[in-house]
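Participant: Structure, please.
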Amino acid sequence: MHKYTFLTVTVALSLQACLASAGTLLSEGFDAVPLQPFESPTEQGGDGTDWSPGLPAGWTMTFSGPQGNPIEFQGWRVMDVDSWIATEGNQDRNKWTNAGVGAHDSVLVADPDAYDDATNIDDALFNTYIHTPTFDLGSLAPSTVSISFDSFWRNEETQKGSLDVSFDGGATFSNLMKYDSTQIEDGLVIDERLTLAVNNPGSGSLQFRFGLTEGSNDWWWAIDDVVITADPVPEPSTFALGALGIAGYAFLRRRK
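Facilitator: Modelled structure (predicted):
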């Protein structure tokens, strides 16, 4: 007769949640946008790769104000930073010391001062918004979104700058930061790298917009190196042996 004994092997199981590290939703330096020569008679000093009416994929721009020239500055425009400095006779545009002007090739510029060179905007003011692509919030963990960007602002009344966020497809926006000329010294150049945390919900959509509004013959706002990050929703828990609550296996050994 064969006899059998049972050997119990205890296996420790660990309950481990797999959390992915923070992911980058967008990293945009505007350098891939093709540039063309200045075309308006007011603009000069470029090298033939000066500006673009186009934007990166998924970005959109709106402009309200007098329609005219220079077309190169009618709203937010992608500009070669050196051409922008040259055509406007500098006027402190070379003071973008955050990471060094030489570190910026193409940048995003809203410059009502430049637009007023050929179109009077003192009465009907310069207002422009640029919108990032839209992202689905369903795959992102709540309150983990952040946005970082290089910001170069020169102040003069009456202009205002704002960064806003929407969670409903752009139907409504909430303000995250602003430059308000009623609270900033005239002529002040502000050069900084900003990082802003966003209290995002776990559903809906995510979109940012940058706005320069109420500009007359004022100055500018330029931005570069926009980075949006967020944590993904945690993955389901995994188990070493694929069965919850199993503490051991019984192995049957035949003994003669």
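Participant: Spatially central, which residue of this structure would that be?
Facilitator: Val226 (3.9 Å; CA atoms, centre = their mean).
Participant: can you tell me how far that one sits from Ser148?
Facilitator: 7 Å (CB to CB, to the nearest Å). Every C-beta, even on glycine, is put in place using the N, C-alpha and C of the backbone.
Participant: ranges for the strands of the stretch 151-256 of the chain?
Facilitator: Using DSSP state E, counting those that start in this stretch, the strands of the stretch 151-256 of the chain run over residues 160-166, 174-180, 189-198, 205-215, 220-230, 238-239, 248-255.
Participant: which outside residues touch the first one?
Facilitator: Counting by CB atoms under 8 Å, 6 or more residues apart in numbering, strand 160-166 makes contact with 147, 153, 172-181, 196, 198, 200, 205-214, 221, all of which sit outside it.
Participant: what angle sits between it and strand 189-198?
Facilitator: 20 degrees (axes from the mean of the first three to the mean of the last three CA atoms, to 10 degrees).
Participant: Sheet partners, orientation included, of strand 160-166?
Facilitator: Next to strand 160-166 in the sheet, as set by DSSP bridges, lie strand 174-180 (antiparallel), strand 205-215 (antiparallel).
Participant: Do a quick rundown of the strands in the stretch 1-150 of the chain.
Facilitator: Counting by DSSP E, counting those that start in this stretch, the strands of the stretch 1-150 of the chain are 3-10, 15-16, 23-28, 51-52, 60-64, 77-80, 106-110, 126-131, 135-136, 145-154.
Participant: Can you convert those into JSON lines and add a column each for distance to Ala118 and mean pLDDT?
Facilitator: Converted to JSON lines, the strands of the stretch 1-150 of the chain look like this (distance: least, CB to CB, whole Å; pLDDT from 0 to 100):
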{"stretch": "strand 3-10", "distance to Ala118": "83", "mean pLDDT": "34"}
{"stretch": "strand 15-16", "distance to Ala118": "64", "mean pLDDT": "29"}
{"stretch": "strand 23-28", "distance to Ala118": "29", "mean pLDDT": "96"}
{"stretch": "strand 51-52", "distance to Ala118": "15", "mean pLDDT": "98"}
{"stretch": "strand 60-64", "distance to Ala118": "15", "mean pLDDT": "97"}
{"stretch": "strand 77-80", "distance to Ala118": "15", "mean pLDDT": "97"}
{"stretch": "strand 106-110", "distance to Ala118": "16", "mean pLDDT": "96"}
{"stretch": "strand 126-131", "distance to Ala118": "13", "mean pLDDT": "98"}
{"stretch": "strand 135-136", "distance to Ala118": "38", "mean pLDDT": "96"}
{"stretch": "strand 145-154", "distance to Ala118": "20", "mean pLDDT": "96"}
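Participant: Using CSV, lay out those together with distance to Asn94 and mean neighbour count.
Facilitator: Formatted as CSV, the strands of the stretch 1-150 of the chain follow (distance: least, CB to CB, whole Å; neighbours: other CB atoms under 10 Å):
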stretch, distance to Asn94, mean neighbour count
strand 3-10, 71, 8
strand 15-16, 53, 10
strand 23-28, 23, 15
strand 51-52, 17, 22
strand 60-64, 25, 15
strand 77-80, 13, 26
strand 106-110, 13, 25
strand 126-131, 23, 22
strand 135-136, 35, 15
strand 145-154, 10, 21
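Participant: Asp116 is nearest to which of these?
Facilitator: If you check each of those against Asp116 by CB to CB, strand 126-131 wins as the nearest, at 7.8 Å.
Participant: so where is the stretch 101-250 of the chain shaky, pLDDT-wise?
Facilitator: 101-103, 236-250 (pLDDT under 70).
Participant: Just give me the neighbour total for the residue nearest to Tyr115 when sequence neighbours are not counted.
Facilitator: In this structure, Tyr115 finds its nearest non-sequential neighbour in Phe73, 4.1 Å apart by CB to CB, 6 or more residues apart in numbering. The number of residues packed near Phe73 is 30, by other CB atoms under 10 Å.
Participant: that older thread, which among the strands paired with strand 160-166 is found nearest to Asp31?
Facilitator: That would be, of the strands paired with strand 160-166 and by CB to CB, strand 205-215, which comes in at 17.9 Å.
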